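*Asks:* here is a sequence together with a model predicted from it:
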Amino acid sequence: MDRNENFLHKTISSLRNAQSQAIELAVRAKKSGKPKDKVKWEIRRAYLEKQLEYFERISEQRYFPKTVFISYSKASGAGLFEYIKRELEKEDFEVITGFRRQPNTEGNVLKKVLKNLNMASIYLGILTKDLQIIEGESVKWGPSVWTMEEKGMALALEKPFVLIIDREIHSDFWKKTTPEKDHIIFEGKDDFYSSKVIEAIDEIKLRYQELALKYLQEIDDEI
Amino acid sequence: MSVFLFYSESMNFNYFQELINRKLKLPYELVANMGLHNASEQHITLRVPKKVQNYCELIISPIPLAKRKDLWHFTVSFFDRRGLLSELNLFFKRNNIDILDSRASISENNKFLNVAMVLDTQGYISSYGKINGPTKSSAIQINTLKALVAARFIQDVVFHYASNSPILEIAPNYALNRSRKNSTQHDIVNINKSEVSIPSDIYSQVKQNLEDYRRNFLTNNEVDGEGGTMIASIVSSLNWHYLKIFLFYADTGIIHIRVKGRNTVGALAAVTKIINQKNFNIIQLFSRDIHGKSIAINDFMLDIEASKARKLDDKYLKNFIKESIEHSEISSEYNWEVSFPRKLRRMNLEHYG
């Protein structure tokens, strides 16, 4: 039994004890002809039962992982990735990437990435200048192809996500598929390290909070 | 099952004063209520705003930064019996929970015992290790705490007759939790005869922010009035255990108005609609009813962006909003009277109750 299960186990066991108490007191009230008291203990028993159902459901389904999948380019974004990874780990997030090989993953690279992505609760894309596109006299920048593939997968899997984008990346690479308000734009590495990382981590925490509340709401609704 | 209680602040922003030599005089009643004892150390924090704006907020609280990581406001109603409070304290001790502030009172001829506490749950959380929740004190963990209290005191806790659930809530103290963030400046100050001196580092940061804003619009706006006077509005948040010092310059788009009028259903909605239509943002509201007279007094602290007003000085904005409310089509229905109760005096406390 891990520590989280222990946590729930203690709560469930206390609730069961309290529920037995409430049942006993309701029976006693009935026997001694005190209907008002009987109702009082019945209400408490019913409340405890709901609580029990709630925690048993959580205990059975386990938690959603506090894991972030980070998509980045090894060529142009490795430094930024390492920094944000460290900051996320300080906030108790586990970081995984498409580069990490999981045991027992078979098939092509995309399948392996998909498996890693599926394990994460949140997707974070770092879009750095990887490809230079020259059109006549104008120069545009695009992110790495892999980052785009992973972003597509995250969208398809409906993962809550955050993008952190170099201002010079052409908006065609992100604006059309994802709402603009979700993104953090940075101008150069100094801007990234000084303030945008904090903003990105705040956004990730918020996405995770939303996910948690949605999950709890779903349990509430079912109960 | 509710996860978080509605978060509100008990706002009372009737205390305005000019900030001279970084010194502030805190109203005695707030000092007493907050437990800010004379010569005691208080923790003052400034959250540096992400963008330059026309006001800054300082938070003064006796709760040290290190204790603000997992800070919760706990309330419960019990059927009173001897030894109950002691058992509750023991329960928290056994669960590694630190009680930072505790208030209890009996009501209805000793029938009920109402308890409000500020809890630091860092120890509770860490005794079970990291949980895969949204924050260190996740919604799930706090729900377990709530369930444990209900289970332990099932014979004592009062149940609400309509919802059939216990009168027992645990709500996060957002303001103090957030005051730990990276963008925060922090210092320790002493309260001396209700007087506090803002540390120079924090004061310089506030001044720089406010002056950047002021310089920005001074170039485009003609300003009459008090000019560069820094004003402090002191707001109490007793439940959440802090004083908020709201600092701004005169003539930078922030005004305080009082609207007095007939109190009927929809009166507040009607006046706030006019305020909204005139592009003002309500940053603080204190609304109360005069018992037996069907009259309400509503105090608003309003803010308008430089781009949305023709002029930004206090005199112009006050006249503008007064005209807009008193001469609106529905004004006669509510008998609205608009006044401006703020009168600044140097280091003198003004209380308009």
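*Replies:* Yep, it's here.

*Asks:* please count neighbours and contacts with C-alpha atoms only from this point.
*Replies:* Will do.

*Asks:* show me the shaky parts of chain A.
*Replies:* A:1-6, A:60-64, A:100-107, A:179-182, A:216-223 (pLDDT under 70).

*Asks:* what number of residues lie near residue 83?
*Replies:* In the absence of a named chain, this looks at chain A. Applying other CA atoms under 10 Å in any protein chain shown, we find 13 residues neighbouring residue A:83.

*Asks:* right idea, wrong chain: chain B
*Replies:* Residue B:83 has 8 nearby residues by other CA under 10 Å.

*Asks:* give me the pLDDT for it.
*Replies:* pLDDT for residue B:83: 95.

*Asks:* residues contacting it?
*Replies:* Shown in contact with residue B:83 (CA atoms under 8 Å, 6 or more residues apart in numbering or on different chains): no residues.

*Asks:* for it, grab phi and psi.
*Replies:* Note on residue B:83: backbone dihedrals following degrees, to the nearest 10 are phi 90, psi 0.

*Asks:* that one and residue A:25, how far apart?
*Replies:* 21 Å (CA to CA, to the nearest Å).

*Asks:* name the nearest residue to residue A:78, ignoring sequence neighbours.
*Replies:* residue A:72 (7.1 Å; CA to CA, 6 or more residues apart in numbering or on different chains).

*Asks:* am I right that that neighbour is in contact with residue A:82?
*Replies:* No - between residue A:72 and residue A:82 there is no contact under CA atoms under 8 Å: 10.3 Å.

*Asks:* more neighbours, these two?
*Replies:* Legend: neighbour count by other CA under 10 Å for residue A:72 and residue A:82, higher for residue A:72 (26 against 11).

*Asks:* quick one: residues contacting that one.
*Replies:* Going by CA under 8 Å, 6+ apart, residue A:72 touches A:78, A:81, A:125, A:126, A:127, A:128, A:144, A:146, A:147.

*Asks:* which among those residues end up buried?
*Replies:* A:81, A:125, A:126, A:127, A:128, A:144, A:147 (16 or more other CA atoms under 10 Å in any protein chain shown).

*Asks:* what's the farthest-apart pair in the contacts of residue A:72?
*Replies:* A:81 and A:146 (14.7 Å; CA to CA).

*Asks:* please compute how far stretch B:167-176 lies from its chain's middle.
*Replies:* 14 Å (CA atoms, centre = their mean, to the nearest Å).

*Asks:* for stretch B:178-194, that is, sorry about that
*Replies:* 15 Å.

*Asks:* what does stretch A:208-216 give?
*Replies:* Distance, centroid of stretch A:208-216 to centroid of chain: 8 Å (CA atoms, centre = their mean).

*Asks:* the helices in the chain, which residues?
*Replies:* Since no chain was named, I'll use chain A. A:3-31, A:35-61, A:78-90, A:109-119, A:145-156, A:188-191, A:197-222 (DSSP state H).

*Asks:* you looked at the wrong chain, it should be chain B
*Replies:* Using DSSP H, helices in chain B cover B:28-34, B:84-94, B:122-126, B:139-152, B:174-178, B:200-218, B:267-277, B:314-326, B:331-334.

*Asks:* buried residues in the first one?
*Replies:* What it means is helix B:28-34. For helix B:28-34, burial by neighbour count (16+ other CA under 10 Å) applies to B:30, B:31, B:34.

*Asks:* chain neighbours aside, what residue packs nearest to residue A:99?
*Replies:* Counting by CA to CA, 6+ apart, the residue nearest residue A:99 is residue A:113, at 7.6 Å.

*Asks:* which strand residues bridge the closest residue to residue B:165 other than its chain neighbours?
*Replies:* Spatial nearest neighbour of residue B:165, chain neighbours left out: residue B:159 (5.3 Å); criterion: CA to CA, 6+ apart. Note on residue B:159: beta-bridge partners residue B:166, judged by DSSP bridges.

*Asks:* now do the same for residue B:159: its pLDDT.
*Replies:* 94.

*Asks:* my guess is it contacts residue B:167, does it?
*Replies:* Yes - the pair formed by residue B:159 and residue B:167 meets the contact definition of CA under 8 Å, at 5.7 Å.

*Asks:* where do the contact lists of these two overlap?
*Replies:* Contacts common to residue B:159 and residue B:167, judged by CA under 8 Å, 6+ apart, are absent.

*Asks:* these two: which is more packed in?
*Replies:* residue B:159 (20 against 17).

*Asks:* so what's that one up against?
*Replies:* Counting by CA under 8 Å, 6+ apart, the residues that residue B:159 touches are B:165, B:166, B:167.

*Asks:* can you put the residues you listed in TSV and add pLDDT and distance to residue B:302?
*Replies:* Formatted as TSV, the contacts of residue B:159 follow (pLDDT from 0 to 100; distance: CA to CA, whole Å):
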residue	pLDDT	distance to residue B:302
B:165	90	39
B:166	94	39
B:167	94	36
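
*Asks:* quick one: which of these is nearest chain A?
*Replies:* Of all the contacts of residue B:159, residue B:165 has the smallest distance to chain A: 6.5 Å, by CA to the nearest CA.

*Asks:* need the phi and psi values for that closest one.
*Replies:* According to degrees, to the nearest 10, residue B:165 has phi -130, psi 160.

*Asks:* tell me if I'm right that it and residue A:45 touch.
*Replies:* No - Residue B:165 is beyond contact range of residue A:45, at 10.7 Å (criterion: CA under 8 Å).

*Asks:* if you count what's nearby, which of those two comes out ahead?
*Replies:* Neighbours per residue, other CA under 10 Å: of residue B:165 and residue A:45, the larger number sits with residue A:45, 24 against 18.

*Asks:* isn't that one up against residue A:25?
*Replies:* No - using CA under 8 Å, residue A:45 makes no contact with residue A:25, being 9.8 Å away.

*Asks:* so which of the helices of chain B comes closest to chain A?
*Replies:* Of the helices of chain B, nearest to chain A by CA to the nearest CA is helix B:139-152, at 5.1 Å.

*Asks:* how many residues are close by residue A:187?
*Replies:* 12.

*Asks:* okay if I get the helices of chain A as JSON lines plus distance to residue B:242?
*Replies:* Converted to JSON lines, these look like this (distance: least, CA to CA, whole Å):
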{"stretch": "helix A:3-31", "distance to residue B:242": "32"}
{"stretch": "helix A:35-61", "distance to residue B:242": "33"}
{"stretch": "helix A:78-90", "distance to residue B:242": "28"}
{"stretch": "helix A:109-119", "distance to residue B:242": "41"}
{"stretch": "helix A:145-156", "distance to residue B:242": "42"}
{"stretch": "helix A:188-191", "distance to residue B:242": "33"}
{"stretch": "helix A:197-222", "distance to residue B:242": "24"}
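
*Asks:* the strands in the stretch 251-353 of chain B, which residues?
*Replies:* B:254-262, B:281-290, B:295-303, B:337-339 (DSSP state E, counting those that start in this stretch).

*Asks:* which of those strands has the highest mean neighbour count?
*Replies:* Mean neighbours per residue, mean count of other CA atoms under 10 Å in any protein chain shown, is largest over those for strand B:254-262, with a mean of 21.

*Asks:* quick one: that one to chain centroid distance?
*Replies:* With CA atoms, centre = their mean, you get 19 Å for strand B:254-262.

*Asks:* so what does that strand touch, helix or strand wise?
*Replies:* strand B:295-303, helix B:314-326, strand B:337-339 (3 or more CA pairs under 8 Å, 6 or more residues apart in numbering or on different chains; DSSP states H and E).
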